[in-house]
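[1] can you look at this prediction? I've put the sequence above it.
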Amino acid sequence: MERLVLGLVAAVVTAEPHGAGRPLPQRVTGAVRAFARDPILRRVVAVGALGAGLGAVVVLAMPGRDSVLAGTGVPMAWLVPGLVVLTCLAEITVVRLRHGEAVEELTLYEAALVIDVLLLPPRHALLAAVAGLVLASLVQRRPAVKAAFNLGTYTAAVSVLILLVHVIGGTAGTMTARVLAGVVAGTLAFTAVNLCCLAQILGFINEVPPWTVIRSEARLSVYMAVGTMATGLTTTVVALHAPLLLPFMAMPALAVTYAYRAAAREADERARSACLLQLSHALAEREDVVRQFLVLVREAFDADLGFIAVSGNGSALSADATEPSAVRAGPLPDYLVPWRDVEAPVQLTEDLPPGLRHVVVVPVEGGGSRQGTAAFASRRRRRMSTGDVTLLASLGSALAVAMRGAEHLERLTEERSKLQAVVEQSAEGIMVVGAGGLVQVWNQALADIAGTSAADAAGRPVGDLLEVPAEEERELLLPVTVDVPRVATELTVRRSDGEERRLRLAHSAIFAGGELVRDVVVISDLTREYRTERLKSDFIAMVSHELRTPLTPIMGYIDLLRTRGERMTPQKRLDALTLIGDRAAHLSRLVEDLLLASRFGDNPDEASLQVNVATHDLVAIVRQAVEDLRTDRVELTLPEDPWPARCDNGRTVQVLTNLIGNGLKYSAQDRTVEVSLRRDERFLHVDVRDHGRGIPSDSLEKVFEKFHRVEDPMTMSTSGTGLGLFIARRLARAMGGDVTLESTVNVGSRFTLSLPAEGPEDPGPWS
Ligand code: ADP
């Protein structure tokens with residue numbers, strides 16, 4: 001904003017220099033145009049009226065007054081046109097002044113005004129000032145509103161200058177102190193009027209109070225007034241008394257002009273370097289390169305318009321000096337279409353739209369690939385130097401290379417994200433271990449297997465994340481070596497929650513200079529298969545043991561009967577045959593259990609077994625089951641009267657035999673098993689309580705699973721198949737009841753068979 005204010009001050013206070021192509025004056029023009037319709041126009045009209053009024057005062061109040069420094073000897077018919085031309089040239093002549101980062105462009109208009117006022121009578125001085133300004137506006141084709149505003153402002157200001165010089169200085173004819181005082185007062189008044197008019201319009205455009213503009217610009221305006229006044233005064237005096245010295249008067253001004261121009265050029269170069277540096281960063285970072293290129297190169301080369309048409313893309317991007325950081329998409333302008341495929345830089349000066357003076361078109365081509373075409377257009381007369389065109393062409397190739405790089409990067413990023421998705425969505429665990437055994441990648445599947453999230457795993461040693469309980473398996477965790485970089489191992493690891501998992505790790509490692517660079521490990525969770533495998537071998541061990549156990553006495557007794565049967569007493573023979581019968585019955589139960597178990601699916605609620613449910617006396621069934629067991633260790637507490645239950649008679653005996661048999665089997669020989677009955681509204685319950693070893697709490701549900709035994713099957717301290725409870729519960733549920741369990745280790749267990757009581761209507765299935 002400050003730069004805009006200063007630019008406007010430079011452009012309007014000191015009269016518009018030939019700054020066509022400079023962004024700031026253009027902004028003024030654009031802004032004045034945009035606002036001309038209403039409030040701006042009012043201000044222009046007000047300033048015009050002020051100028052006309054004060055001019056009229058000069059014309060009417062000072063008829064026939066002579067000039068303050070009369071006597072140049074030049075006739076008025078030559079002097080007036082000569083000074084009009086001088087005033088016009090002074091308005092067009094620009095001195096570039098640097099202050100801070102900004103460059104102000106000043107004209108010598110005020111100096112010429114001082115000369116006009118001193119050498120010409122008031123009316124002629126006013127005429128020369130106004131005519132010189134109008135001429136300069138016409139030569140430079142200034143916009144009408146801006147020219148009118150300038151004219152009003154300067155007419156008002158110069159009228160005040162003329163009035164004060166003549167009122168204070170009188171018509172002395174020589175440079176007296178009064179004349180000097182008049183010039184000083186007049187110049188300051190000129191500056192004040194000028195600044196006030198300008199503040200009105202600048203304050204409005206920038207939405208600040210006019211007073212703010214006056215305060216910020218007053219000092220600069222006074223300095224300029226003093227400078228131009230001194231130039232005007234001394235030039236006048238030298239012209240009057242020693243005209244030959246006039247060329248020497250111009251020399252300091254020329255020296256200063258050149259010094260300022262050099263400084264301005266340097267500032268331009270610095271600004272360009274800053275832009276190019278920024279561009280080099282943008283190209284190196286490969287982010288949004290085309291847009292950045294367009295904005296920064298247009299600024300670096302001070303072009304009014306910039307375009308880039310990317311190959312294979314119908315539209316083009318454009319940037320405009322009026323909105324320096326904005327980039328728009330649209331079609332390539334018609335005048336550039338024929339140059340779309342140029343192979344070398346060209347500078348166009350013909351067939352351009354009005355206002356544009358020249359356009360440089362460069363191919364965006366580098367590293368063997370054509371990426372498009374860039375063009376930069378200027379409204380200024382000065383063409384781009386060959387050096388600048390060459391630089392632009394190099395920047396074009398740099399852009400092409402960066403675009404290619406960006407394309408590669410994009411493709412790479414895409415590939416990477418695809419790969420990441422594959423790793424993340426893989427059902428197998430995947431980890432990448434870097435140097436020092438530190439985890440670099442840890443996917444979601446592995447997080448589920450190991451119970452450690454990817455965020456927690458990153459950067460930690462793999463040994464900390466996958467604990468290997470078995471010492472002999474420890475080195476299997478990272479077994480790769482330079483000689484064996486690809487290897488698959490199987491090991492058991494313990495998760496942080498204590499659960500053990502059997503894993504298969506397939507390693508594929510890369511080494512450099514004998515050091516591990518990366519080991520990509522695909523991890524499969526074999527726990528299920530491992531358990532099934534174990535279960536299978538346990539099952540085979542169990543079945544063969546269970547079958548062999550009754551077979552041994554059967555075969556022994558058969559052998560005895562065959563060889564010594566005739567010599568045995570009838571009682572002994574009967575005992576042997578009874579034992580063979582018992583063992584054979586046991587074998588038959590075993591086989592039936594296996595068959596039954598194979599007929600049940602894994603879903604415990606599935607009723608895949610046909611049971612013949614009818615009303616039976618549960619008291620009689622319990623007696624029958626206990627009798628079948630032929631033991632005196634059962635303590636029965638039964639009601640006298642029958643308790644009718646809905647059940648399958650044979651299956652209920654089978655379930656109870658199993659529950660009571662287990663109670664006997666898993667408690668000491670001298671402990672009894674208590675069997676009693678309870679009932680509630682809908683069910684009859686048979687409780688089988690023992691005082692044996694009990695069942696650990698984590699196995700309370702598992703004992704109902706197929707083949708599950710609390711004992712280690714390898715030690716086989718008690719025989720069994722792990723099928724009894726599984727079958728008992730399935731049968732109970734098939735009859736609309738259930739088997740439940742309460743147990744305390746080393747205290748005892750209570751198994752309960754619940755069956756639906758007979759009711760007015762059949763009870764529904766157990767739920
Ligand atoms: P098994 O043929 O092994 O007895 P079950 O299915 O009847 O098969 O029982 C499964 C496991 O439950 C047994 O191996 C035993 O560990 C445990 N179990 C069953 N009943 C009792 C009990 N009364 N006391 C202690 N443990 C029991």
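    Here it is on my side, so go on.
[2] and the stretch 551-700 of the chain, which of its residues are near the ligand?
    658, 662, 663, 666, 690, 692, 693, 694, 695 (C-beta under 6 Å from any ligand atom). In short, each C-beta sits where N, CA and C put it, glycine included.
[3] which one of those residues has the most neighbours?
    residue 690 (28 neighbours; other C-beta atoms under 10 Å).
[4] which non-adjacent residue is nearest that one?
    Spatially, and ignoring its direct neighbours in sequence, residue 690 is nearest to residue 663 (3.6 Å; C-beta to C-beta, 6 or more residues apart in numbering).
[5] burial of whichever residue of the stretch 101-250 of the chain sits closest to the ligand, as a residue count?
    Residue of the stretch 101-250 of the chain nearest the ligand, by C-beta to the nearest ligand atom: residue 207 (89.6 Å). Using other C-beta under 10 Å, residue 207 has 7 neighbouring residues.
[6] how about this structure, which residue sits the furthest from its center?
    Centroid-distance maximum for the chain: residue 567 at 97.9 Å, with C-alpha atoms, centre = their mean.
[7] before we move on, back to that, how about CSV for the residues of the stretch 551-700 of the chain next to the ligand, with secondary structure added?
    Output for these, formatted as CSV (DSSP: H, G, I helix; E, B strand; the rest coil):
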residue, secondary structure
658, helix
662, helix
663, helix
666, coil
690, coil
692, coil
693, coil
694, coil
695, coil
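[8] sec struct for residue 573, please.
    helix.
[9] worst-scoring helix or strand of this protein, pLDDT-wise?
    helix 2-8 (a mean of 37; mean pLDDT, DSSP states H and E).
[10] and which of the residues of the stretch 551-700 of the chain next to the ligand is nearest residue 240?
    residue 695 (129.1 Å; C-beta to C-beta).
[11] ok, and the closest non-adjacent residue to the closest one?
    residue 743 is the one closest to residue 695 (C-beta to C-beta, 6+ apart), at 4.1 Å.
[12] the one you found against residue 750, yeah?
    Yes. With contact defined as C-beta atoms under 8 Å, residue 743 reaches residue 750; the gap is 7.1 Å.
[13] and the two? which has more neighbours close in?
    Taking neighbours as other C-beta under 10 Å, residue 743 and residue 750 compare with residue 743 leading, 20 against 16.
[14] residues near the residue nearest to residue 494 when sequence neighbours are not counted, how many?
    Sequence neighbours aside, residue 467 is the residue nearest to residue 494 in space, at 4.6 Å (criterion: C-beta to C-beta, 6+ apart). For residue 467, the neighbour count with other C-beta under 10 Å is 16.
[15] quick check, residue 467 in contact with residue 491.
    No. Assessed by C-beta under 8 Å, residue 467 is found out of contact with residue 491, at 10.8 Å.
[16] could you point out the helix or strand that follows the helix or strand harbouring residue 594?
    Per DSSP states H and E, residue 594 falls inside helix 570-599. Beyond helix 570-599 on the C-terminal side, the first helix or strand identified by DSSP H and E is strand 614-617.
[17] what lines up beside that following strand in the sheet?
    strand 644-647 (antiparallel) (DSSP bridges).
[18] could I get the average pLDDT for the partner strand?
    Strand 644-647 shows a mean pLDDT of 94.
[19] repeat for stretch 502-520
    92.
[20] same check, this time on stretch 242-257
    78.
[21] with stretch 298-309 instead?
    91.
[22] quick one: end-to-end length of that stretch, please.
    15 Å (C-alpha to C-alpha, to the nearest Å).
[23] ok, stretch 708-726 next?
    Stretch 708-726 end-to-end distance (C-alpha to C-alpha) = 9 Å.
[24] and if you look at stretch 438-455?
    13 Å.
[25] the host helix or strand of residue 55: what's the following helix or strand?
    Using DSSP H and E, residue 55 maps to helix 41-61. Per DSSP H and E, the first helix or strand lying C-terminal to helix 41-61 is helix 76-92.
[26] restricting to C-alpha, output that next one in CSV.
    Output of helix 76-92 as CSV, limited to C-alpha atoms (Å, rounded to 0.1, in the frame of the first residue of the first chain):
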residue,chain,number,x,y,z
MET,A,76,7.2,37.4,-26.3
ALA,A,77,6.1,35.8,-29.6
TRP,A,78,9.2,33.5,-29.3
LEU,A,79,9.5,33.4,-25.6
VAL,A,80,6.0,32.0,-24.9
PRO,A,81,6.2,29.0,-27.4
GLY,A,82,9.8,28.4,-26.4
LEU,A,83,8.8,28.1,-22.7
VAL,A,84,5.7,26.0,-23.6
VAL,A,85,8.1,23.5,-25.3
LEU,A,86,10.5,23.7,-22.4
THR,A,87,7.7,23.1,-19.9
CYS,A,88,6.5,20.1,-22.0
LEU,A,89,10.0,18.7,-22.2
ALA,A,90,10.5,19.2,-18.5
GLU,A,91,7.3,17.2,-17.8
ILE,A,92,8.4,14.4,-20.1
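[27] quick one: residue 614 from the ligand, how far?
    Distance of residue 614 to the ligand, computed by C-beta to the nearest ligand atom, to the nearest Å: 26 Å.
[28] just give me the neighbour total for that residue.
    12.
[29] shouldn't it be in contact with residue 650?
    No. Between residue 614 and residue 650 no contact is recorded; they are 11.1 Å apart, counting by C-beta under 8 Å.
[30] contacting residues around residue 591?
    By C-beta atoms under 8 Å, 6 or more residues apart in numbering, the contact list for residue 591 is empty.
[31] could I get the buried residue list for stretch 733-753?
    733-741, 743, 748-753 (16 or more other C-beta atoms under 10 Å).
[32] which SSE is the residue nearest to residue 695 in?
    Using DSSP H and E, residue 743 falls in strand 738-744.
[33] please apply the same query to residue 412.
    Per DSSP H and E: helix 386-425 holds residue 412.
[34] show me what secondary structure element comes after that helix.
    strand 429-434.
[35] circling back to that earlier point, ok, of the buried residues of stretch 733-753, which one's closest to the ligand?
    residue 749 (4.4 Å).
[36] what ranges do the strands span in the stretch 51-200 of the chain?
    Secondary structure of the stretch 51-200 of the chain by DSSP state E, counting those that start in this stretch: the strands cover 94-99, 102-107.
[37] ranking those by mean pLDDT, which is last?
    Among those, strand 94-99 scores lowest, with a mean of 63.
[38] from memory residue 434 sits against residue 440, does it?
    Yes. With contact defined as C-beta under 8 Å, residue 434 reaches residue 440; the gap is 4.7 Å.
[39] what touches both of those two?
    Joint contacts of residue 434 and residue 440 (C-beta under 8 Å, 6+ apart) are residue 518.
[40] run the angle between the lengthiest strand in the chain and strand 429-434 for me.
    Looking across the chain with DSSP state E, the single longest strand is strand 500-512. Relative orientation of strand 500-512 versus strand 429-434 (axes from the mean of the first three to the mean of the last three C-alpha atoms, to 10 degrees): 40 degrees.
[41] put the alpha carbons of strand 500-512 into PDB.
    C-alpha atoms of strand 500-512 as PDB (Å, rounded to 0.1, in the frame of the first residue of the first chain):
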ATOM      1  CA  GLU A 500       1.900 -66.900  22.200                       C
ATOM      2  CA  ARG A 501       1.800 -67.000  18.400                       C
ATOM      3  CA  ARG A 502       3.500 -69.400  16.000                       C
ATOM      4  CA  LEU A 503       4.900 -67.300  13.100                       C
ATOM      5  CA  ARG A 504       6.600 -68.000   9.800                       C
ATOM      6  CA  LEU A 505       9.100 -65.300   8.800                       C
ATOM      7  CA  ALA A 506      10.200 -65.200   5.200                       C
ATOM      8  CA  HIS A 507      13.300 -62.900   5.000                       C
ATOM      9  CA  SER A 508      14.700 -61.200   2.000                       C
ATOM     10  CA  ALA A 509      17.700 -59.000   2.900                       C
ATOM     11  CA  ILE A 510      20.100 -56.700   1.200                       C
ATOM     12  CA  PHE A 511      23.600 -56.200   2.400                       C
ATOM     13  CA  ALA A 512      26.200 -53.500   1.400                       C
END
